[in-house]
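[1] Show me the folded form of this:
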Amino acid sequence: MSDTAEKTERGNRKTRQGVVLSNAMAKTIVVRVARRMTHPLYGKVLNRHKKYYAHDENNEAKVGDVVAITETRPYSKLKRWRFTAIVQAAAKTE
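    Here you go, the predicted structure:
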């Protein structure tokens, strides 16, 4: 199935990019997604973030990786996102 056919069949699913904060749970990662917004009254640019719980079937993502997640059906009480790809691997430290 092509990418465009999947979009029309499933609708427009939201995608986000963020940093993995935790991978301690089985098949679950916690992703911190940052965004920039302008204060409505004062105009100052603010950094805001939100944590998403995402399903990682093969436990591929490691702490510090920049990953892409996609909106999906509910897997549990908190998991409504699915891990799709590693955008940038974390720097290895020894």
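[2] Quick check, Tyr53 in contact with Lys79.
    Yes - Tyr53 is in contact with Lys79 according to CB atoms under 8 Å; the separation is 4.7 Å. Any C-beta I mention is one placed from the backbone N, CA and C, and that applies to glycine too.
[3] any common contacting residues for the two?
    Common contacts of Tyr53 and Lys79 (CB atoms under 8 Å, 6 or more residues apart in numbering): Thr28.
[4] Nearest the geometric middle of this protein, what residue?
    Nearest residue to the geometric centre of the chain (CA atoms, centre = their mean): Ile69, 3.6 Å.
[5] For that residue, name its beta-bridge partners.
    Arg16, Phe83 (DSSP bridges).
[6] For it, give me its contacts.
    So Ile69 contacts 15-18, 31, 33, 52, 54, 81-84 (CB under 8 Å, 6+ apart).
[7] ChimeraX command for the buried members of the residues you listed?
    Burial among the contacts of Ile69 is assessed by 16 or more other CB atoms under 10 Å; the matching ChimeraX selection reads:
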select :16,18,31,33,52,54,81,82,83,84
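[8] quick one: low-confidence parts of the chain?
    The model of the chain has pLDDT under 70 over residues 1-8, 94.
[9] That'll do, ta.
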